[in-house]
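In: Next comes the sequence, and after it the predicted model I'd like to discuss.
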Amino acid sequence: MSFFEKLKNGLSKTKASIFGQVDNLFKAFVRVDEDLLEELEELLIAADVGFESTEEIIEKLRAKIKDERLSDPEETRNALIEILKGMIGDGEQLNLSTTPSVILVIGVNGVGKTTSIAKIAHHLISSGKKVVLAAGDTFRAAAIDQLQIWADRAGADIIKNNEGSDPAAVVFDAVSAAKSRKADVLIIDTAGRLHNKKNLMDELAKIDRVISRELPDAARETLLVLDSTTGQNAVRQAKEFKNAADITGLVLTKLDGTAKGGIVFSIKNELDIPVKYIGVGEKIDDLQPFSADEFVTALFE
């Protein structure tokens, strides 16, 4: 099964609950009028597209209807699809231009952070890259064990230390290993603590100093992992983390378990951070680089 097929299946809850209704809405109207736009607005807000983002979509659609003199609901539906695609932009590729490049992965516990790291590692290894993982979440022994299991499955080297050890020290060891083993990519796991923001910020700053000192010219990504099923709460989490770290991209997990797929538009629009990976299942290849075109097409097909 292709990833697009998995994506279509994974988004079936969002499609069934909301975007299927959007499709039906355009079929129910003979001509385009304010009633249609009002009902569309309600549906988009219900899909967790978010209030601000929905307002913007409706305004853009209203302008397009006027400028292009659209009166046919089918044409208007196509115009909406183009607006939605434009709104989330094309999925940006990871910047992995140096050897090694560094990917720092952050996010609260329970969002699928550790499994996302393994799946990204698997994706990179499948494309011929040598990957080293750093078990920087030393806060939980389970996180280290879990990363080891996934590393074995993905075929990645792992650098780890005991529970409670200094994450920055683990990162230092991992950087040394990545250099000596001539790895293409170093992926660093971090502790998922948001409730104590000062600890989180101090820890990330310390890790940042180690990377900057040891790999001053490395290409770097900071990916925030979010659980799609939490809807607008994921947007709030992203805002909190944005204050603590320079996030370069998002990883959205569990899109197959939610009707809140509209969250993609909300996050991109309110935070202007590109979605780089999306996950639609438990298997190791169920996390893939994000494509706006495929995502929106899957919602409406």
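Out: Okay, I see it. Just so it is clear, the model here is predicted, and its values are computed rather than measured. Residues are numbered from 1 along each chain as shown.
In: For this protein, give me the ranges with low pLDDT.
Out: Confidence mapping of the chain against pLDDT under 70 gives the ranges 91, 193-197, 258-259.
In: what ranges do the helices span in it?
Out: If DSSP state H is used as the criterion, the helices of the chain fall at 3-10, 12-14, 20-28, 34-46, 51-67, 73-88, 113-126, 141-154, 167-180, 197-214, 232-244, 263-271, 292-300.
In: could you dump those helices to CSV with distance to E221?
Out: No exception for glycine: its C-beta is placed from N, CA and C like everyone else's. Below are those laid out as CSV (distance: least, Cβ to Cβ, whole Å):
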stretch, distance to E221
helix 3-10, 21
helix 12-14, 27
helix 20-28, 34
helix 34-46, 30
helix 51-67, 25
helix 73-88, 19
helix 113-126, 10
helix 141-154, 18
helix 167-180, 14
helix 197-214, 11
helix 232-244, 14
helix 263-271, 16
helix 292-300, 19
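In: what residues are up against G279?
Out: Contact analysis of G279 by Cβ atoms under 8 Å, 6 or more residues apart in numbering lists G112, S116, K119, V251, L252, T253, K254, L255, D256, D286, L287.
In: Nearest residue to the middle of this protein?
Out: Centroid check for the chain by Cα atoms, centre = their mean gives V251 as the closest residue, at 2.2 Å.
In: What's opposite that residue in the beta bridge?
Out: Beta-bridge partners of V251, counted by DSSP bridges, are V225, Y277.
In: Now A141: closest residue in space, sequence neighbours ignored.
Out: In space, and not counting its chain neighbours, A141 is closest to E163: 4.0 Å by Cβ to Cβ, 6 or more residues apart in numbering.
In: Which residues are in contact with that neighbour?
Out: Going by Cβ under 8 Å, 6+ apart, the list of residues near E163 reads T138, F139, R140, A141, I144.
In: go with 7 Å
Out: E163 is in contact with T138, A141, I144, counting by Cβ atoms under 7 Å, 6 or more residues apart in numbering.
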